[in-house]
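Could you work out the structure for the sequence below:
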Amino acid sequence: MGVGWWVLIGIAAALALVMLYDVLQRRRPVLHNWPVIGHLRYILEAFGPELRQYIVTNNDDERPFNRNQRRWIYATSKGENSAFSFGSDAVFERSPGYILISPTAFPAPPPAAGDPDDWPLASAKVLGGPRMRPGAFRPPSVVNVSGMSFGALSATAVRAMNEGAHLAGCLHNTGEGGISPHHLHGGDLVLQLGTGWFGARDGRGRLSIPHLLESIEGHPVRAIELKLSQGAKPGLGGMLPAGKVTPEIARIRGVPAGVDCVSPSVNPDFHDADGMLDAVERIAEATGLPVGIKSAVGMPGFWDDLARLMESGTRGVDFITIDGGEGGTGAGPLAFVDHVALPYRLAQGRAYRALAERGLQHRVTWIGSGRLGLPEQAVMAFALGADTINVGREAMMSVGCIQAQRCHTGRCPTGIATQSAWLQRGLDPSLASVRLAAYVVGLRREVTRLARTTGCAHPSQVTLDHIEILEGDAVVPAAGRYDVRPEWAVPPGA
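Below you'll find the predicted structure:
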């Protein structure tokens, strides 16, 4: 017999073995009833996200980022033409909550000299200035890279993010995994400390000021962020699976290698706003740096307590990062991802109002987070009181993420959300960093252009009076829909 016959016999034998296995097994009724061909169901299910992304859905259907949004991010990051032709394909009347930015007949003029979309576009506020921190500074960019830790992201991805932040002149949040060598490629850092105090913990998992000072010594840390909760999974803490806890990651975090690394749901050092402010002032006094918090938003009691405790001026946070419930995560229970914590617009309004009612909104720098890395969403965040925004998943897409939604498996096909050395080889940090920088610069440019369209020279001047919300065939003033008054945006004495 020829080779072809032997190949056919081999295929037939393999199919016979698969059929025998399917008939005998009892775990999957589909395979038992439909041996061999029943596997097509699981194959199609495995490739479902990819099929919907590229074949089935239209330009505005895919979630969490649709095809048009991804196309804009990819084109901007690659320095390609990001314009769209032939008009909008959005179905306005079927898009409740659709943002409409109100143009003025007389837009704000560009600068007298230089690039009309000059960058970097600095924050209007000095971070840490109201509390006179020794390390107070004006963030050089209104768009910065959100907290994504080494461990959740690969070494090459973290390096690309930091190099890109340096090129774009923006800040790079470390995420709660501590400072790694991959964070030290020129970009200024915001050190995030979560409930596990990784990089600043003692043997019991409590905050250790000596360890914190050792961690930041000689590194370009400009501010420290205490992560109370994450918008995508508030109240749960976090967990880095054992397979991702390499010896290097374990050393940086101060935990055992090859064991699940758990961020507890409750901070071991404080349990209320009063204790949290004590920790904030303790860290600020020791480091001289601005210290703030990151939190999802739910019950208003915490924000009312925080405002009441800050009113005397003796203690206070320097910045507040509001993380909307639509924010991203490597993995989270579906019920938490979909049903816990307010989405960004409502979350920002609730927290901002609590401080504004006591006249404290200008004592802190407000940072928005949660799918804000698109121009119209960023402008909306500024209108709601944000001074800067953080971008996470959009930053990932700018360096090559394809929204495969495999972050939780450790098998990210683009080498971004994985610790697999083989998969990481596909990501060139020197090229990806340029793409990240181009995206950040491009987003700043678009936000600036949108602000000028409303007559405002800087995004921080945009208020809800410049925004309308489409509801069916009617438009609703944004100032009447969200819990923020436009007049609160005006600083005292302005």
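
ok, now how distant is residue 148 from residue 471?
35 Å (C-beta to C-beta, to the nearest Å). C-beta: built from backbone N, CA, C; applies to glycine.

who has more neighbours, those two?
residue 148 (27 against 14; other C-beta atoms under 10 Å).

Next, the contact list for that one, please.
Residue 148 makes contact with 158, 161, 173, 175, 392, 395-396, according to C-beta atoms under 8 Å, 6 or more residues apart in numbering.

Name the SS class of it, please.
Following DSSP: H, G, I helix; E, B strand; the rest coil, residue 148 is assigned to coil.

Dihedrals phi and psi, it?
Backbone torsions of residue 148, given as degrees, to the nearest 10, read phi -140, psi 110.

Can you show me the strands along this structure?
Secondary structure of the chain (DSSP state E): strands at 98-101, 143-145, 171-173, 188-193, 221-227, 238-240, 261-263, 291-295, 319-323, 365-369, 388-391, 467-471, 474-477.

Using JSON lines, lay out those strands together with mean pLDDT and distance to residue 5.
Formatted as JSON lines, the strands of the chain follow (pLDDT from 0 to 100; distance: least, C-beta to C-beta, whole Å):
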{"stretch": "strand 98-101", "mean pLDDT": "90", "distance to residue 5": "63"}
{"stretch": "strand 143-145", "mean pLDDT": "97", "distance to residue 5": "59"}
{"stretch": "strand 171-173", "mean pLDDT": "98", "distance to residue 5": "61"}
{"stretch": "strand 188-193", "mean pLDDT": "97", "distance to residue 5": "63"}
{"stretch": "strand 221-227", "mean pLDDT": "97", "distance to residue 5": "64"}
{"stretch": "strand 238-240", "mean pLDDT": "74", "distance to residue 5": "52"}
{"stretch": "strand 261-263", "mean pLDDT": "80", "distance to residue 5": "54"}
{"stretch": "strand 291-295", "mean pLDDT": "96", "distance to residue 5": "65"}
{"stretch": "strand 319-323", "mean pLDDT": "96", "distance to residue 5": "63"}
{"stretch": "strand 365-369", "mean pLDDT": "96", "distance to residue 5": "62"}
{"stretch": "strand 388-391", "mean pLDDT": "96", "distance to residue 5": "58"}
{"stretch": "strand 467-471", "mean pLDDT": "89", "distance to residue 5": "67"}
{"stretch": "strand 474-477", "mean pLDDT": "86", "distance to residue 5": "72"}
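
where's the residue nearest to residue 251 when sequence neighbours are not counted relative to residue 423, distance?
Of all residues not flanking residue 251 in the chain, residue 257 sits nearest, at 8.0 Å (C-beta to C-beta, 6 or more residues apart in numbering). For residue 257, the distance to residue 423 (C-beta to C-beta) stands at 20 Å.

repeat for residue 319
With C-beta to C-beta as the criterion, residue 319 and residue 423 are 35 Å apart.

So which of the two has more stuff around it?
With neighbours defined as other C-beta under 10 Å, residue 319 and residue 423 compare such that residue 319 has more, 23 against 19.

Which secondary structure element of the protein has the lowest mean pLDDT?
Counting by mean pLDDT, DSSP states H and E, the chain has its least confident helix or strand at helix 48-51, which shows a mean of 64.

what does stretch 273-289 contact?
The contact list for stretch 273-289 (C-beta under 8 Å, 6+ apart) reads 128, 131, 133-135, 207, 209, 212-213, 216, 221-224, 226, 228, 267, 269-270, 290-293, 302, 305-306, 309-310, 315-318.

Likewise for stretch 3-18?
The list of residues contacting stretch 3-18 from outside it, by C-beta under 8 Å, 6+ apart, reads 35-36, 39.

Need these in TSV (columns: pLDDT and neighbour count).
Conversion of the contacts of stretch 3-18 to TSV gives the following (pLDDT from 0 to 100; neighbours: other C-beta atoms under 10 Å):
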residue	pLDDT	neighbour count
35	87	19
36	87	14
39	84	15
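
Nearest to residue 244, out of those residues: which one, please.
The nearest member of the contacts of stretch 3-18 to residue 244, counting by C-beta to C-beta, is residue 39 at 29.5 Å.

so who does the closest residue to the closest one other than its chain neighbours touch?
Closest residue to residue 39 apart from its sequence neighbours, by C-beta to C-beta, 6+ apart: residue 31 at 6.9 Å. By C-beta under 8 Å, 6+ apart, residue 31 lies in contact with 22, 25, 38-39.

Can you lay out those residues as CSV showing distance to residue 297?
Shown next, in CSV, are the contacts of residue 31 (distance: C-beta to C-beta, whole Å):
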residue, distance to residue 297
22, 49
25, 47
38, 46
39, 45
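
Can I get the buried ones among the residues you listed as something I can paste into ChimeraX?
A single ChimeraX command selects the buried members of the contacts of residue 31 (16 or more other C-beta atoms under 10 Å):
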select :22
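
Could you identify the most distant pair in the contacts of residue 31?
The widest separation within the contacts of residue 31 (C-beta to C-beta) is 12.0 Å, between 25 and 39.

where do the helices sit along the stretch 1-150 of the chain?
3-24, 29-33, 39-46, 48-51, 67-77 (DSSP state H, counting those that start in this stretch).

Switch the ones you listed over to JSON lines, and while doing so, append distance to residue 189 to every line.
Formatted as JSON lines, the helices of the stretch 1-150 of the chain follow (distance: least, C-beta to C-beta, whole Å):
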{"stretch": "helix 3-24", "distance to residue 189": "52"}
{"stretch": "helix 29-33", "distance to residue 189": "50"}
{"stretch": "helix 39-46", "distance to residue 189": "38"}
{"stretch": "helix 48-51", "distance to residue 189": "33"}
{"stretch": "helix 67-77", "distance to residue 189": "22"}
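
By mean pLDDT, show me the worst of these.
When mean pLDDT is averaged over each of the helices of the stretch 1-150 of the chain, helix 48-51 scores lowest at a mean of 64.

which residues does residue 153 form a beta bridge with?
Beta-bridge partners for residue 153, by DSSP bridges, are residue 150.

show me the contacts for it.
Contacts of residue 153 by C-beta under 8 Å, 6+ apart are 161, 175, 396, 416-417.

right, and the pair among these with maximum separation?
Spatial extent of the contacts of residue 153 (C-beta to C-beta) is set by the pair 175 and 416 at 13.3 Å.

And stretch 137-149, what's buried?
Buried, per 16+ other C-beta under 10 Å, within stretch 137-149: 137, 139-149.
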